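Q: Quick one, what's the 3D model for this:
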Amino acid sequence: MAGGGVVSSVGGKDYPGKMTLFVFLACLVASSGGLIFGYDIGISGGVTSMDSFLLKFFPSVYRKEKQDTGINQYCKFDSQLLTLFTSSLYLAALIASFFASMVTRVFGRKWSMFSGGVTFLIGAAINGAAENVFTLILGRILLGVGVGLPISCQPHQLRTAKIAGNWGWRVSLGLAAVPAAIITLGSLLLPDTPNSLIERGHTEKAKEMLLKIRGTKDVQDEYDDLVAASEESKGIKHPWRNILEKKYRPQLTMAILIPFFQQLTGINVIMFYAPVLFKTIGFGDDASLMSAVITGLVNMFATFVSIATVDKAGRRVLFLQGGTQMLICQIIVGTLIGVKFGTSGVATLSKGYAGCIVLFICAYVAGFAWSWGPLGWLVPSEIFPLEIRSAGQSINVSVNMFFTFIIGQAFLTLLCRMKFGLFYFFGGWMLIMTTFVALFLPETKNVPIEEMILVWKKHWFWGKFISIEDVHVGSNSKAAGV
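A: All right, here's what the predicted structure looks like:
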């Protein structure tokens with residue numbers, strides 16, 4: 001789209017409407033899409049630390065853990081096949097996400113969520129009944145497709161209690177069918193959005209749905225704006241070519257670096273492998289699982305802190321505070337483990353020392369949960385104008401899934417090679433990304449997407465990529481100082 005960003009002379013509009021039971025239930029079902037992602041993150045680490053699971057599918061890892069006293073403690077779980085069990089889901093989700101927008105565009109969001117739920121349900125059934133590594137990985141791939149189709153939902157981490165005995169891992173993997181069933185059945189009750197109906201030519205149905213959603217008859221202005229926005233989006237040609245233009249360099253950079261940095265915080269290695277990690281540094285089976293449950297609960301409650309403060313404090317403040325907190329915690333945890341275990345990984349932990357490690361890991365998780373966790377998804381959604389939105393969002397999701405796969409696949413090997421230095425490694429990345437935010441990410445709070453072009457233009461660095469001709473402003477151009 002030639003001519004650059006378009007800035008309206010007014011901000012976002014407020015349309016009449018009220019919260020209805022219909023809207024509440026629809027939002028509840030739609031947001032529960034994150035359950036299937038969150039459940040998997042919650043159970044993966046617990047399952048991979050279960051002796052019965054390791055003995056059946058990864059006997060070499062089981063033997064190293066139980067019998068081989070000559071292997072360094074940090075390396076007992078080092079197995080590319082074991083990490084593939086966890087990371088294969090995210091590679092499949094990456095591939096599925098490429099098709100998600102097409103499915104949504106043709107069939108609507110309702111059927112996109114339904115397809116994801118059904119696929120996840122099948123994957124959970126295969127995993128629960130798995131008898132060999134092939135069927136185990138196949139089930140994980142189907143779970144990944146189920147995650148990738150409704151990928152726009154922000155995940156919440158959930159944790160499951162340990163179930164003793166040889167059925168523990170089967171129950172844990174099979175219970176993924178519960179959130180999948182919620183999504184599958186709930187999606188049948190989920191209405192198509194007015195936007196989706198308009199895009200597919202069902203204009204009358206769109207207006208009826210808007211009336212139902214708003215709970216008022218005064219929807220004509222909003223309906224007209226939705227139709228106009230749909231027509232404008234159809235006129236957008238070559239979003240992938242557009243995003244490579246010089247004037248969109250800020251958005252392209254953020255679309256790549258924000259999800260990249262989000263994974264280099266190291267959060268997913270904590271969420272994926274918490275029980276394995278705690279077991280590696282000397283916690284017992286029950287203690288390692290309990291510590292993982294605690295970090296999961298901290299993550300959940302700290303996310304509510306972000307929800308309550310993000311529009312008051314602003315995005316940059318949370319990024320900078322959370323990043324600094326995570327950096328300090330990574331250094332402290334690495335030092336505590338290094339002092340006690342050295343490079344051999346052999347030591348006994350007192351309850352007080354172990355509790356101290358868990359405390360700082362929880363502080364690290366909390367810092368992530370009110371900063372890079374939600375903001376890593378929120379900020380990219382606030383900066384893409386219409387002409388590059390589809391390309392920008394696709395890049396953001398793809399980079400996130402790709403590096404989730406890479407970090408998940410490499411973690412146990414990195415732990416074996418770097419030992420306690422792995423925490424310093426992630427701490428170093430925390431320093432880099434916090435500095436990046438301080439220097440290059442402007443505040444997006446209360447800035448309509450169509451007015452972000454002005455923010456980029458005024459920025460000390462990004463302004464070099466945007467010319468006066470790239471900014472089209474309405475009657476506020478002089479007031480805006482452009």
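Q: So, low pLDDT: which residues of the stretch 101-250 of the chain?
A: Residues of the stretch 101-250 of the chain meeting the criterion pLDDT under 70: 105, 151-179.
Q: Quick check: mean pLDDT of stretch 60-75?
A: Taken as a whole, stretch 60-75 has a mean pLDDT of 76.
Q: what sits up against it?
A: 51, 54-55, 76-77, 79, 82, 280-282, 341, 343-346, 415-416, 419 (Cβ atoms under 8 Å, 6 or more residues apart in numbering). For glycine as for every other residue, the C-beta is placed from the backbone atoms N, C-alpha and C.
Q: do that again at 6 Å, thanks
A: L54, L55, K76, S79, L82, G345, V346, L415, C416, K419 (Cβ atoms under 6 Å, 6 or more residues apart in numbering).
Q: how about that stretch: buried residues?
A: Neighbour counts over stretch 60-75 (16 or more other Cβ atoms under 10 Å) mark V61, Y62, K64, E65, Q73, Y74, C75 as buried.
Q: could I get those as CSV with secondary structure and distance to L441?
A: CSV is the format used below for the buried residues of stretch 60-75 (DSSP: H, G, I helix; E, B strand; the rest coil; distance: Cβ to Cβ, whole Å):
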residue, secondary structure, distance to L441
V61, helix, 41
Y62, helix, 45
K64, helix, 44
E65, helix, 43
Q73, helix, 40
Y74, helix, 35
C75, helix, 38
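Q: Which two of these have the greatest separation?
A: Greatest spatial distance among the buried residues of stretch 60-75 (Cβ to Cβ): Y62 and Y74, at 17.1 Å.
Q: residue boundaries of the helices in the stretch 351-482 of the chain?
A: 351-369, 372-381, 389-418, 421-440, 452-458, 477-480 (DSSP state H, counting those that start in this stretch).
Q: So which residues make contact with the fifth one?
A: The reference is to helix 452-458. So helix 452-458 is in contact with G5, P250, I383, P442, V447, W462, G463, I466, V471, A480, going by Cβ under 6 Å, 6+ apart.
Q: So which residues of the stretch 201-350 of the chain form helices?
A: 203-214, 220-234, 239-242, 249-264, 267-280, 285-313, 315-341.
Q: and those, which is most packed in?
A: helix 267-280 (a mean of 25; mean count of other Cβ atoms under 10 Å).
Q: Mind checking the pLDDT average for it?
A: Rounded mean pLDDT across helix 267-280 is 72.
Q: which ones are touching P194?
A: Counting by Cβ under 6 Å, 6+ apart, the residues that P194 touches are A206, M209, L210, L226.
Q: actually F360, not the one I typed
A: C329, I332, V333.
Q: Model confidence score at the last one, please.
A: According to the prediction, V333 has pLDDT 90.
Q: right, and it touches Y424 too?
A: No - if you go by Cβ atoms under 6 Å, V333 and Y424 don't touch, sitting 9.7 Å apart.
Q: circling back to that earlier point, and of the helices of the stretch 201-350 of the chain, who's closest to T104?
A: Of all the helices of the stretch 201-350 of the chain, helix 220-234 sits nearest to T104, with 13.3 Å by Cβ to Cβ.
Q: now the closest one against helix 203-214, angle please.
A: For helix 220-234 against helix 203-214, the angle by axes from the mean of the first three to the mean of the last three Cα atoms, to 10 degrees is 130 degrees.
Q: can you give me the offset of helix 220-234 from its chain's centre?
A: Its chain's average C-alpha position is 30 Å from that of helix 220-234, according to Cα atoms, centre = their mean, to the nearest Å.
Q: And it, what does it pack against?
A: helix 194-199 (3 or more Cβ pairs under 6 Å, 6 or more residues apart in numbering; DSSP states H and E).
Q: repeat that for 10 Å
A: helix 194-199, helix 203-214 (3 or more Cβ pairs under 10 Å, 6 or more residues apart in numbering; DSSP states H and E).
Q: can I get the ones you listed in JSON lines with distance to S87?
A: As requested, the helices and strands packed on helix 220-234 are exported to JSON lines (distance: least, Cβ to Cβ, whole Å):
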{"stretch": "helix 194-199", "distance to S87": "32"}
{"stretch": "helix 203-214", "distance to S87": "39"}
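Q: In CSV: the helices of the stretch 351-482 of the chain, plus distance to F98 and mean pLDDT.
A: Output for the helices of the stretch 351-482 of the chain, formatted as CSV (distance: least, Cβ to Cβ, whole Å; pLDDT from 0 to 100):
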stretch, distance to F98, mean pLDDT
helix 351-369, 27, 89
helix 372-381, 17, 91
helix 389-418, 7, 89
helix 421-440, 26, 97
helix 452-458, 26, 93
helix 477-480, 38, 39
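Q: Those helices: which one's closest to S196?
A: Among these, helix 389-418 comes nearest to S196, with 14.1 Å by Cβ to Cβ.
Q: Packing partners of that closest one?
A: Here helix 389-418 touches helix 34-48, helix 80-107, helix 133-148, helix 239-242, helix 249-264, helix 267-280, helix 372-381, helix 421-440, going by 3+ Cβ pairs under 10 Å, 6+ apart.
Q: quick one, the longest one and helix 133-148 angle?
A: What that stands for is helix 80-107. On the basis of the same axes, to 10 degrees, helix 80-107 is oriented at 40 degrees to helix 133-148.
Q: Show me what counts as buried in helix 80-107.
A: So for helix 80-107, counting by 16+ other Cβ under 10 Å, buried means 82-94, 96-97, 100-101, 103-104.
Q: Please apply the same query to the third one.
A: Neighbour counts using 16+ other Cβ under 10 Å place 136-148 of helix 133-148 among the buried residues.
Q: between those, which is nearest A308?
A: Nearest to A308 among these, counting by Cβ to Cβ, is V147 at 27.6 Å.
Q: and S344, how far is that from I71?
A: From S344 across to I71, the span is 11 Å (Cβ to Cβ, to the nearest Å).
Q: try F411
A: According to Cβ to Cβ, F411 and I71 sit 17 Å apart.
Q: what does L185 give?
A: 47 Å.
Q: rewinding a little: redo the contacts of P194 as TSV? Include distance to G296.
A: Putting the contacts of P194 into TSV (distance: Cβ to Cβ, whole Å) gives the following:
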residue	distance to G296
A206	40
M209	37
L210	39
L226	39
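Q: What is the nearest of these to G123?
A: Closest to G123, out of all of the contacts of P194 and judged by Cβ to Cβ, is M209, at 31.6 Å.
Q: Correct me if wrong: the closest one contacts E222.
A: No - the pair M209 / E222 is not scored as a contact, 11.7 Å apart, by Cβ atoms under 10 Å.
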